[in-house]
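J.: After the sequence you'll find the predicted model.
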Amino acid sequence: MTTVADTIVQIIKEAGVQRVYGIPGDSLNGFTDALRRSDGITWEHVRHEEAAAFAAAAEAALTGELAVCAGSCGPGNLHLINGLFDANRSRVPVLAIAAQIPGPEIGSTYFQETHPQDLFREAAVYTELVSYPEQLPRVLEIAMRTAIERRGVAVVVIPGEVFLKDSVGRRPSAPIVYSPRVTRPADAELAAAADILNGAKRVTILAGAGVEGAHPQLIDIAGALRAPVVHAMRGKEFVEYDNPYDVGMTGLLGFSSGYRAMEACDALLMLGTDFPYQQFYPSKAKIIQVDIRGENLGRRTPIDLGLVGSVKDTVEALLPLLKERTDTKHLESSRSHYLKARKSLDDLAVNDRNRTPIHPQYVARLISELSSEDAVFIPDVGSPVVWAARYLRMNGSRRLIGSFNHGSMANALSQAVGAQASFPGRQVVALAGDGGLAMLFGELLTLVQNKLPVKIVVFNNSSLNFVEVEMKAAGFVNYGTGLENPDFARVAEAIGIHGQRVEKPDELESALRTAFAHDGPALVDVVTARQELSIPPAITAEQVKGFTLYALRTIMSGRGDELIDLADTNVFRRLFD
């Protein structure tokens with residue numbers, strides 16, 4: 001007889017699901033046994049359920065299709081929550097199967113009792129408890145459809161004994177997959193947008209992740225408007241390649257040219273971006289925002305016109321309404337500023353006369369130069385994101401994913417598990433922070449056990465480096481941020497991973513080439529400069545005050561040597577260059 005668990009496996013298989021990430025447990029046994037007996041879906045065993053959710057999120061981000069993770073009752077599925085928060089905030093479709101304690105015991109404070117349908121509500125677009133076999137498959141299909149259509153997480157909570165009950169059967173249904181559609185604003189709204197853009201003298205475009213699949217349309221409208229294109233972090237992989245209008249990124253990780261192009265415009269066209277930092281929006285320009293989700297309109301900055309639609313469909317409908325523009329002063333000025341800013345950044349990404357410790361900019365630049373043309377890059381939250389944003393070269397085939405909205409540590413290695421499992425023949429490079437790597441260290445074992453040839457480059461500065469930068473900017477003396485690290489390369493070798501430690505700049509290129517060519521997982525532990533500063537494109541008076549306070553308090557606390565290291569890493573280097 002077909003069980004409820006068998007029906008679940010059948011439905012997700014018909015939707016194209018090929019793997020499920022998780023850790024087995026008694027309440028989940030009915031489901032994992034159904035997977036064992038099924039063809040076409042593999043069980044991807046990880047060492048922590050948080051990694052399972054991150055891995056599923058990475059697969060969903062790269063494929064655009066539903067990915068699945070699972071956890072046993074109580075602590076098992078609670079461990080999923082951080083990765084599910086990340087998936088939901090990144091707007092990728094993930095289904096989480098959360099096993100529950102025996103149904104008759106719910107409400108009795110039974111062993112490992114929790115209420116996942118309540119706990120996961122903030123991390124999901126749909127949560128529901130299945131108490132009877134008759135609820136499936138309908139609840140499962142609703143959950144899957146909601147995850148796909150709303151681009152988020154759906155959680156189905158199932159008591160362990162329900163998995164094993166006889167399935168009540170179901171009428172065959174069409175596979176639950178994304179249904180393509182055309183989505184654009186009405187003609188009147190398009191005409192209003194054209195009036196604003198045609199009447200503006202200096203238009204700048206701010207483009208985000210919503211530009212995915214619409215690169216030709218982005219280039220067309222930038223050309224028609226003679227508009228410089230600024231991108232947010234999540235838009236980098238879809239915006240900056242083959243783009244003669246690109247002027248770089250804005251925001252805390254960006255650089256001056258992107259900030260300047262936005263501040264200098266009198267009309268800002270936002271395309272598929274939910275860029276959160278209010279202080280980086282222009283102070284006087286008229287703003288048009290295009291987003292597939294109407295609820296996003298105007299929630300970051302006041303707008304003059306909101307358009308609901310996909311970037312591709314909206315731009316294609318808007319282009320015929322735009323007047324031919326000949327004035328290129330704003331574009332030329334913005335591009336000139338960008339080229340200068342880009343050169344300044346590139347000048348920092350060098351060997352620096354073989355001085356140690358190694359500058360992280362140089363590490364990121366070499367990673368970009370030596371990686372394959374379709375590599376998947378995954379930086380850890382913190383300083384690796386900064387260097388990835390500034391130095392990884394996108395080309396339309398490469399991908400760049402991470403915990404860019406949720407901002408969670410330990411995402412790089414965990415997401416690399418999902419990226420490599422779903423694309424076994426593709427190069428996956430995790431730019432790991434030393435703190436992030438250590439937080440979910442066990443997933444190194446996952447790489448070996450699941451035979452995943454992920455390449456890990458550790459930015460080893462023996463600190464929670466981005467936290468230290470934040471402390472400096474706020475006027476705090478660094479405290480509690482130092483890390484006593486092992487030799488990560490030796491740890492990797494003990495696990496069965498190719499490992500190499502690099503302390504000198506002239507050893508780095510060879511080490512990376514060897515690791516990238518290795519037939520299996522590889523780790524390069526790079527000792528990088530702890531005091532390297534990642535300066536945002538706009539410095540506020542509060543930040544200047546904060547840094548001054550940091551310097552005074554550091555001297556007064558008897559730690560003036562830190563300021564000497566800071567100057568040697570950042571100031572003296574620039575003077576000598």
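T.: Happy to help now that I have it.
J.: so where is the stretch 351-500 of the chain shaky, pLDDT-wise?
T.: Applying pLDDT under 70 to the stretch 351-500 of the chain flags residues 472-473.
J.: ok, now the stretch 101-250 of the chain?
T.: Using pLDDT under 70, nothing in the stretch 101-250 of the chain is flagged.
J.: Run through the strands of it in chain order.
T.: Ranges of strands in the stretch 101-250 of the chain, per DSSP state E, counting those that start in this stretch, are 126-129, 153-159, 203-207, 229-231, 246-249.
J.: Distance to Gly499 and mean neighbour count added to the ones you listed, as a markdown table?
T.: Any C-beta I mention is one placed from the backbone N, CA and C, and that applies to glycine too. Supplementary listing: those in a markdown table, determined by distance: least, Cβ to Cβ, whole Å; neighbours: other Cβ atoms under 10 Å:
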| stretch | distance to Gly499 | mean neighbour count |
| --- | --- | --- |
| strand 126-129 | 41 | 20 |
| strand 153-159 | 35 | 28 |
| strand 203-207 | 39 | 29 |
| strand 229-231 | 35 | 32 |
| strand 246-249 | 33 | 27 |
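J.: Pull the contacting residues for Gly258.
T.: By Cβ atoms under 8 Å, 6 or more residues apart in numbering, the residues touching Gly258 are Val230, His231, Val247, Gly248, Met249, Thr250, Gly251, Tyr338, Pro537.
J.: Mind picking the two most distant members of those?
T.: For the contacts of Gly258, the maximum inter-member distance is 15.2 Å, found between Gly251 and Tyr338 (Cβ to Cβ).
J.: What is the neighbour count of Val385?
T.: 25 (other Cβ atoms under 10 Å).
J.: Does it lie in a helix or a strand, and which?
T.: helix 383-391 (DSSP states H and E).
J.: Output the contacting helices and strands for that helix.
T.: If you count contacts as 3 or more Cβ pairs under 8 Å, 6 or more residues apart in numbering; DSSP states H and E, helix 383-391 packs onto helix 360-370, strand 376-379, strand 428-433, strand 455-460, helix 465-474.
J.: Which parts of the stretch 301-450 of the chain are strands?
T.: 305-308, 376-379, 399-400, 428-433.
J.: Minimum distance to Ala388: which of those has it?
T.: strand 376-379 (3.9 Å).
J.: So which elements touch that closest one?
T.: Packed next to strand 376-379, using 3+ Cβ pairs under 8 Å, 6+ apart, are helix 383-391, strand 399-400, helix 411-422, strand 428-433.
J.: Pull up the pairing partners for that strand, direction included.
T.: strand 399-400 (parallel), strand 428-433 (parallel) (DSSP bridges).
J.: can you list the residues that contact the first one?
T.: Going back to what we said before, that points to strand 399-400. Leu62, Lys236, Glu237, Ala375, Val376, Phe377, Ile378, Pro379, Ala388, Leu392, Met394.
J.: Nearest to Val156 among these?
T.: Leu62 (23.4 Å).
J.: Within the helices and strands, which one has the closest one?
T.: helix 49-63.
J.: In the longest helix along the chain, which residues are buried?
T.: The longest helix of the chain (DSSP state H) is helix 329-348. By neighbour count with 16 or more other Cβ atoms under 10 Å, helix 329-348 contains the buried residues His330, Leu331, Ser333, Ser334, Arg335, His337, Tyr338, Ala341, Arg342, Leu345, Leu348.
J.: Can you name the two of those that sit furthest apart?
T.: Top of the distance list for those (Cβ to Cβ): His330 and Leu348, 27.9 Å.
J.: Asp525 looks like it's in a strand, true?
T.: Yes. According to DSSP: H, G, I helix; E, B strand; the rest coil, Asp525 belongs to a strand.
J.: my guess is it meets Ser462, correct?
T.: No. Judged on Cβ atoms under 8 Å, Asp525 makes no contact with Ser462 at a distance of 11.4 Å.
J.: Compare neighbour counts for these two and give me the winner.
T.: Using other Cβ under 10 Å as the criterion, Asp525 and Ser462 rank with Asp525 on top: 26 against 16.
J.: State the distance from that one to Arg355.
T.: Noted for Asp525: a distance of 19 Å to Arg355, by Cβ to Cβ, to the nearest Å.
J.: do the same with Leu464
T.: Leu464 is 24 Å from Arg355, by Cβ to Cβ.
J.: just to revisit the earlier point, redo the strands of the stretch 301-450 of the chain as JSON lines? Include distance to Thr2.
T.: Shown next, in JSON lines, are these (distance: least, Cβ to Cβ, whole Å):
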{"stretch": "strand 305-308", "distance to Thr2": "43"}
{"stretch": "strand 376-379", "distance to Thr2": "38"}
{"stretch": "strand 399-400", "distance to Thr2": "38"}
{"stretch": "strand 428-433", "distance to Thr2": "37"}
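J.: mind listing what the spatially most central residue of the chain touches?
T.: The centre of the chain sits closest to Gly402, judged by Cα atoms, centre = their mean, with a distance of 2.3 Å. By Cβ under 8 Å, 6+ apart, the contact list for Gly402 reads Ile378, Pro379, Asp380, Val381, Val385, Ala388, Asn411, Ala412, Gln415.
J.: so how many other residues sit close to the first one?
T.: Applying other Cβ under 10 Å, we find 32 residues neighbouring Ile378.
J.: ok, the contacts of Gly258 vs Asp86, which is closest?
T.: For the contacts of Gly258, the nearest to Asp86 is Gly251 (18.8 Å; Cβ to Cβ).
J.: Give me the three-state assignment for the closest one.
T.: Quick answer, by three-state DSSP: Gly251 is coil.
J.: Now do it, the pLDDT please.
T.: For Gly251, the model assigns a pLDDT of 82.
J.: per-residue confidence for Gln279?
T.: Reported pLDDT for Gln279: 87.
J.: that's a helix at it, yeah?
T.: Yes. Secondary structure assignment places Gln279 in a helix (three-state DSSP).
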